[in-house]
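1. Just a sequence and a predicted model for now, questions to come.
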Amino acid sequence: MKINPQFSLDIKKYGGMDLNACFNCGSCTAICPLSTAESSFPRKMVRASVLGLEDKINCSLDPWLCFYCGECSETCPKEADPGGLMMALRRYLTSLYDWTGLSKKFYTSHAWEFGAIALVSLLVITLFALFLPPTADPTGLLNQEGGVKINSFVEGMEGEQFVGIIDIGDWVMGGIISLFLLSNIFNMFRKVLWRDKNLKIPLYLYLQEAWNLFFHFATQISFSKCRDKGYWVFHWLLMSGYTLMFTCIVILLPWFQTEKVHPFFHPQRLIGYYATFGILLATVLWSVQRLKKSQEKHRYSHITDWLFLILLFLTALTGILVHLFRINGMIYPTYYTYVVHMAILVPMLVIEVPFSKWTHLAYRPVAIYLHHLKNSALELAQKQQK
Ligand code: SF4
Ligand code: SF4
């Protein structure tokens, strides 16, 4: 087994605390809702990190099973912050699964994270300025309801042309993001399951346990084990709002971005309002809590935690502004706010989804699935041995 004596120092780059403070008392394990007789959670990971058992950590699912309720850190008599360590290990593992090396750069260098976001934003603005400028003649750009015809406010484009171009861009971007994310998830599978040559998993078990993946993604149920139930509700609101927004703007854009302004109760508007409400509420609440540092789980914020919240908040806010300008027939404010909206949305999707904070939304349900799959395979092996 590979031992890295530098590990406790390395993990500090990902936001970990001083692990050497831990004197192995076990209070964190006693309080953690995930602890069982067989698994000393999170102390096992604390010890592995202190001892530099890198191989053990690299194939562990424990950091993903933790939902950062902060109760272990509250209880720790040495302020070793075991909950914060689990968070730092999640960042470390995200970097480990990512074969491009970009996650590591984004998590350990402010210059890379800010630089990449600024670069993608600038690229979006340049593309609009060069190829999709606003129309010089706004005549006829208002529809029957008095709203802006959003698909015709670009010079030389009418009807479905503009939304068609953005839609192609969305599918290309969605394809690239999915490629990176899925290949990194494949790496996670390799590190967790396939490195153990003795673990035999029949194909039917992969299918039998697959429901865990969808169930845990859709419900975020593991957060309900936290003492603070509001944490689960807000996490779910954010996840569902974000997923709906992603689906509407990447997959269903021609349905979502129409010339006609639909009445208030049209599903297109209701979905938009729900997604915006969920994202704004959760991002504002968590930003305030992170600033106040009143709860253990909000005491230490990594720069990537802040960037994710800020980008999400600004995406929702600029989306609302586009909508308000649009329904009030303000042609040029609608256009320029749309460009700003895209200049925030695109880097948020391109940087955050495959490489940074967002990835936990994908890795956590996959980890829960792998955890159940591994346990079922071990149970099967034990039965076969009897
Ligand atoms: S992290 Fe804190 S609570 Fe957990 S074993 Fe170490 S000293 Fe005890
Ligand atoms: S943060 Fe909560 S779930 Fe995570 S290890 Fe600590 S007590 Fe357990």
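-> Noted; the coordinates are in hand. Ligands and ions are numbered 1, 2, ... in the order given.
2. After the helix or strand encompassing Gly115, which helix or strand is next?
-> For Gly115, the host element (DSSP states H and E) is helix 110-131. Later in the chain than helix 110-131, the nearest helix or strand by DSSP H and E is helix 161-189.
3. Could you pull out the buried residues of that next one?
-> Buried residues in helix 161-189, counting neighbours by 16 or more other Cβ atoms under 10 Å, are found at 162-163, 166-167, 169-170, 174, 177, 180-181, 184-185, 188. Yep, even glycine has a C-beta here, placed from its N, CA and C like the rest.
4. can you list the residues that contact the helix or strand that that helix is followed by?
-> Where DSSP H and E defines the elements, the next helix or strand beyond helix 161-189 is helix 203-208. Applying Cβ atoms under 8 Å, 6 or more residues apart in numbering, the set of residues contacting helix 203-208 from outside is Leu373, Ser376, Ala377, Leu380.
5. and if you look at stretch 168-180?
-> Contact partners of stretch 168-180, identified using Cβ under 8 Å, 6+ apart, comprise Asp98, Thr100, Ile249, Val250, Ile251, Leu253, Val346, Leu349, Val350, Val353, Pro354, Phe355.
6. ok, now which ones touch the fourth one?
-> Spelled out, that is Val250. By Cβ under 8 Å, 6+ apart, the contact list for Val250 reads Asp170, Trp171, Met173, Gly174, Leu349.
7. on that earlier part again, name the helices or strands packed onto the helix holding Gly115?
-> helix 102-108, helix 303-327, helix 331-347 (3 or more Cβ pairs under 8 Å, 6 or more residues apart in numbering; DSSP states H and E).
8. can you rerun that using 10 Å?
-> Helix 110-131 sits against helix 102-108, helix 161-189, helix 303-327, helix 331-347, with contacts defined as 3 or more Cβ pairs under 10 Å, 6 or more residues apart in numbering; DSSP states H and E.
9. Okay, angle between the third one and helix 110-131 too, please.
-> Using axes from the mean of the first three to the mean of the last three Cα atoms, to 10 degrees, one finds that helix 303-327 and helix 110-131 are set 20 degrees apart in direction.
10. do the same with the second one
-> Per the same axes, to 10 degrees, the angle that helix 161-189 makes with helix 110-131 is 150 degrees.
11. okay, the angle between helix 161-189 and helix 331-347?
-> 20 degrees.
12. could you point out where this protein is predicted with low confidence?
-> Where the chain drops to pLDDT under 70, the residues are 1.
13. tell me the domain ranges of it?
-> 7-97, 102-378 (automatic domain parsing).
14. need the residues of this protein near ligand 1, please.
-> Within the chain, the positions adjacent to ligand 1 are 22-28, 43, 46, 76, 78, 80, 82 by Cβ under 6 Å from any ligand atom.
15. Give me the buried subset of the contacts of stretch 168-180.
-> Of the contacts of stretch 168-180, these count as buried by 16+ other Cβ under 10 Å: Asp98, Ile249, Val250, Leu253, Val346, Leu349, Val350, Val353, Pro354, Phe355.
16. So which of the contacts of helix 203-208 is the closest to ligand 2?
-> For the contacts of helix 203-208, the closest approach to ligand 2 (Cβ to the nearest ligand atom) belongs to Leu373, at 20.9 Å.
17. How about the closest one, nearest residue that isn't a chain neighbour?
-> The shortest distance from Leu373 to any non-neighbouring residue, by Cβ to Cβ, 6 or more residues apart in numbering, is to Glu209 (4.6 Å).
18. Val366 is in contact with the one you found, correct?
-> No: Glu209 is beyond contact range of Val366, at 11.4 Å (criterion: Cβ atoms under 10 Å).
19. returning to that earlier point: which one of the contacts of helix 203-208 has the most neighbours?
-> In terms of neighbours by other Cβ atoms under 10 Å, the contacts of helix 203-208 top out with Leu373 at 22 neighbours.
20. circling back to that earlier point, tell me which of the buried ones among the contacts of stretch 168-180 fall in helices.
-> Leu253, Val346, Val353, Pro354, Phe355 (DSSP state H).
21. So the third one is in contact with Leu181, correct?
-> The one in question is Val353. Yes: using Cβ under 10 Å, Val353 is in contact with Leu181, at 6.5 Å.
22. rewinding a little: any chance of the domains of the chain in TSV, with distance to Gln384 too?
-> Output for those, formatted as TSV (distance: least, Cβ to Cβ, whole Å):
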stretch	distance to Gln384
domain 7-97	20
domain 102-378	9
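23. Spell out the secondary structure type for Gly362.
-> Just to correct that, residue 362 is Ala rather than Gly. helix (DSSP: H, G, I helix; E, B strand; the rest coil).
24. I'd like the distance between it and ligand 2.
-> 19 Å (Cβ to the nearest ligand atom, to the nearest Å).
25. Quick one: neighbours of that residue, just the number.
-> If you count neighbours by other Cβ under 10 Å, Ala362 ends up with 18.
26. Check the one 10 residues further on too.
-> Summarising burial for His372: neighbours were counted as other Cβ under 10 Å, giving 18.
27. next one: Gln220
-> When neighbours are counted by other Cβ under 10 Å, Gln220 registers 22.
28. still on that earlier bit, mutual contacts of Val353 and Leu181, please.
-> Common neighbours of Val353 and Leu181 (criterion: Cβ atoms under 10 Å, 6 or more residues apart in numbering): Thr359, Ala362.
29. Check the stretch 251-386 of the chain for the residue nearest ligand 2 and tell me.
-> Counting by Cβ to the nearest ligand atom, the stretch 251-386 of the chain gets nearest to ligand 2 through Lys297 (7.1 Å).
30. you'd agree that residue is in a helix?
-> Yes: counting by three-state DSSP, Lys297 is part of a helix.
31. What count of nearby residues applies to it?
-> By other Cβ under 10 Å, the residues close to Lys297 number 22.
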